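Engineer: next come a sequence and a model predicted from it.
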Amino acid sequence: MPARSDPRSPAAPDGVPAGAPMKGPPQRLVFGYGSAALVQGIIGFLAVPFLLAILGPRAFARWAMLEPLVAVLAGFALAGVHYGHLHGISSGRLTTAAALRQVAGFGFAPAALVALGGAAAAAVFVVGADLAQVAALCAAYVLLEAAILLLQFQSRALSDALAFAATVWLRSGGIALGLIGFKFAGARLALTDYLAFMIVLDMAVLGVACWRHRPQLAAALREAPPVRESYVGALRYGLPIMLAGGFALILNNGDRYVVHALMAPDQLPAYVVMAKLAGAMSFVMAPLNLWWPVARHRHVLDGDGGARFFSNAMPLLLAYYLMAAAALWVASGQLVRWYAPSVHGYDGLSMLLLLAGGVALGMTVPANIGMLAPGKTHWLLVSVALSAGVGLGLAFVLIPRLGFVGAALSTLLAQSASLASVYLISQRLYPLPVGSARLAAVAAAGAATMALLWLGAGSLLVQGLVGAGACALMALLLRPNVAALRSG
């Protein structure tokens with residue numbers, strides 16, 4: 001079977017692979033996923049001062065709570081079948097045309113119900129003003145995001161990193177141009193105005209995505225009517241992952257909702273700015289998170305069940321996340337003063353705790369090997385639900401006593417609980433060595449690095465020397481892992 005299919009070849013009559021997914025050159029995958037994550041991260045970070053100026057601190061804080069809700073609702077609108085399609089297409093069991101026909105045949109009604117109901121709830125509990133207009137705009141925004149998400153997952157399943165990246169480049173570029181235009185025009189937008197802008201932008205992104213996927217869309221029109229059992233199979237695989245995504249919203253963003261509920265309204269923008277900055281860890285993780293599920297599905301088919309790959313990759317990923325968190329913490333104070341001068345309340349300890357939680361969050365993806373197997377994804381829901389409950393409960397206990405530090409600490413403890421539960425359940429379902437001794441050495445080196453950076457706060461020279469020494473130490477520790485992955 002060819003590694004890459006020609007849409008005109010007999011092996012792929014509908015422009016999709018007949019068996020195994022397309023695999024582009026490694027450089028193309030790295031460039032596509034890496035550039036998408038980099039562009040999205042840079043624009044997401046630099047958008048904060050523009051949004052503060054254009055929307056004002058309070059509307060900005062509401063948008064920061066609304067944005068992740070829309071992302072989760074888009075996944076729920078698809079009922080999680082996009083995860084089932086990712087697994088089916090990447091393993092060669094499903095064509096892209098059949099996947100699209102499934103959604104066209106059975107997915108419209110659930111999508112509309114989720115979009116309308118979720119948008120109404122978001123308007124009432126998050127925005128609290130202009131309810132009908134906000135609900136209508138949010139519903140349209142959710143449906144557009146769901147359609148884009150569906151096509152992005154098809155690109156990922158086919159390892160078509162450039163098609164995936166194109167949607168991110170266009171969306172991020174549109175946001176950047178729009179914010180710059182609004183800022184220099186002196187515009188002050190209501191939240192509804194900004195929602196309308198995002199809807200127009202998403203319509204353009206969806207148009208580009210449909211053009212890129214036109215062979216698959218045309219093939220879907222010729223596809224035989226979908227069998228309900230195949231749709232239900234994708235639903236059974238993906239819905240637990242999507243439900244876990246809903247609990248992950250609580251796990252990763254619940255602190256800001258509790259801060260909004262328990263602290264003065266004027267304090268929320270400062271915490272959101274710190275959470276947004278710590279959220280840059282998500283963009284550090286993004287290219288790896290996009291690549292990992294497909295890599296996992298392929299390497300479990302190795303002769304050793306993936307043991308060699310996973311045990312060498314895990315310590316490398318931990319070192320990467322730790323060094324990224326250290327660099328972000330060193331820069332965070334100055335960055336907050338530079339890009340959010342109108343917001344006061346930055347706290348270095350809270351920032352450190354949020355970034356440590358980001359490291360734990362990043363490691364939950366590679367730690368999850370066993371729960372991505374067919375018939376096992378419901379365990380992910382159990383793990384994330386328990387961790388979200390821990391985080392939410394701790395937030396209500398700690399925030400009234402410790403303020404921002406309590407919010408950040410509850411996030412760190414919840415994400416640590418998530419990592420521990422994911423690892424333990426995954427190992428029970430699919431026991432594999434993960435390089436525990438090397439992981440412990442890397443974690444100890446990372447903790448020592450953060451302690452020395454804390455002691456050297458205020459001196460960039462000292463912190464720079466600490467960072468250089470930490471990188472050298474990590475490189476020395478991980479040379480055997482790099483050599484093993486390169487040789488295999």
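Structural biologist: Received, thanks.

Engineer: which residues touch Cys471?
Structural biologist: Neighbouring residues of Cys471 by C-beta atoms under 8 Å, 6 or more residues apart in numbering: Met323. The way it works is simple: take the backbone N, C-alpha and C, and place the C-beta from them, glycine included.

Engineer: quick one: it from Ala121, how far?
Structural biologist: When distance is defined by C-beta to C-beta, to the nearest Å, Cys471 is 46 Å away from Ala121.

Engineer: now do Met371
Structural biologist: The gap separating Met371 from Ala121 is 28 Å, by C-beta to C-beta.

Engineer: just Leu29 next, same as before
Structural biologist: In this view, Leu29 and Ala121 are 38 Å apart by C-beta to C-beta.

Engineer: ditto for Tyr194
Structural biologist: Note on Tyr194: its distance to Ala121, by C-beta to C-beta, is 20 Å.

Engineer: contacting residues for Ile399?
Structural biologist: With contact taken as C-beta under 8 Å, 6+ apart, Ile399 is in contact with 255, 258-259, 262-263, 406-407, 410.

Engineer: most neighbours among those residues, which one?
Structural biologist: By neighbour count, taken as other C-beta atoms under 10 Å, the most surrounded of these turns out to be Asp255 (30 neighbours).

Engineer: show the pLDDT at that one.
Structural biologist: Asp255 is assigned a predicted lDDT (pLDDT) of 77.

Engineer: who has more neighbours, Met371 and Ala121?
Structural biologist: Neighbours were counted for Met371 and for Ala121 using other C-beta under 10 Å; Met371 has more, 23 against 14.

Engineer: ok, that one touching Val384?
Structural biologist: No. In this structure, Met371 is not within contact of Val384 by C-beta atoms under 8 Å, at 10.1 Å.

Engineer: may I have the helix or strand bottoming out on mean pLDDT in the chain as CSV, with CA atoms only?
Structural biologist: Least confident helix or strand of the chain, by mean pLDDT, DSSP states H and E, is helix 280-299 with a mean of 73. This file holds the C-alpha atoms of helix 280-299, laid out as CSV (Å, rounded to 0.1, in the frame of the first residue of the first chain):
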residue,chain,number,x,y,z
ALA,A,280,1.1,30.1,26.6
MET,A,281,2.1,26.6,27.8
SER,A,282,-0.9,25.4,25.8
PHE,A,283,0.7,26.6,22.6
VAL,A,284,4.0,25.1,23.7
MET,A,285,2.1,21.8,23.9
ALA,A,286,0.0,22.3,20.8
PRO,A,287,2.2,20.8,18.1
LEU,A,288,3.0,17.7,20.3
ASN,A,289,-0.7,17.3,21.2
LEU,A,290,-1.7,17.4,17.5
TRP,A,291,1.0,14.8,16.6
TRP,A,292,0.7,12.5,19.7
PRO,A,293,-2.6,10.7,19.2
VAL,A,294,-1.6,9.6,15.6
ALA,A,295,1.9,8.6,16.9
ARG,A,296,0.3,6.7,19.7
HIS,A,297,-2.1,4.8,17.4
ARG,A,298,0.9,3.8,15.2
HIS,A,299,3.5,2.9,17.8
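
Engineer: show me the contact partners of it.
Structural biologist: Under the contact criterion C-beta under 8 Å, 6+ apart, helix 280-299 has outside partners 21, 29-30, 33-34, 36-38, 40-41, 44-45, 86-87, 90-91, 156-157, 159, 161, 164, 306, 309-310, 317, 320-321, 324-325, 328, 355, 358-359, 361-362, 365-366, 369, 372.

Engineer: isn't Trp194 right next to Ile54, touching?
Structural biologist: No, residue 194 isn't Trp; it's Tyr. Yes. Counting by C-beta under 8 Å, Tyr194 touches Ile54, with 7.5 Å between them.
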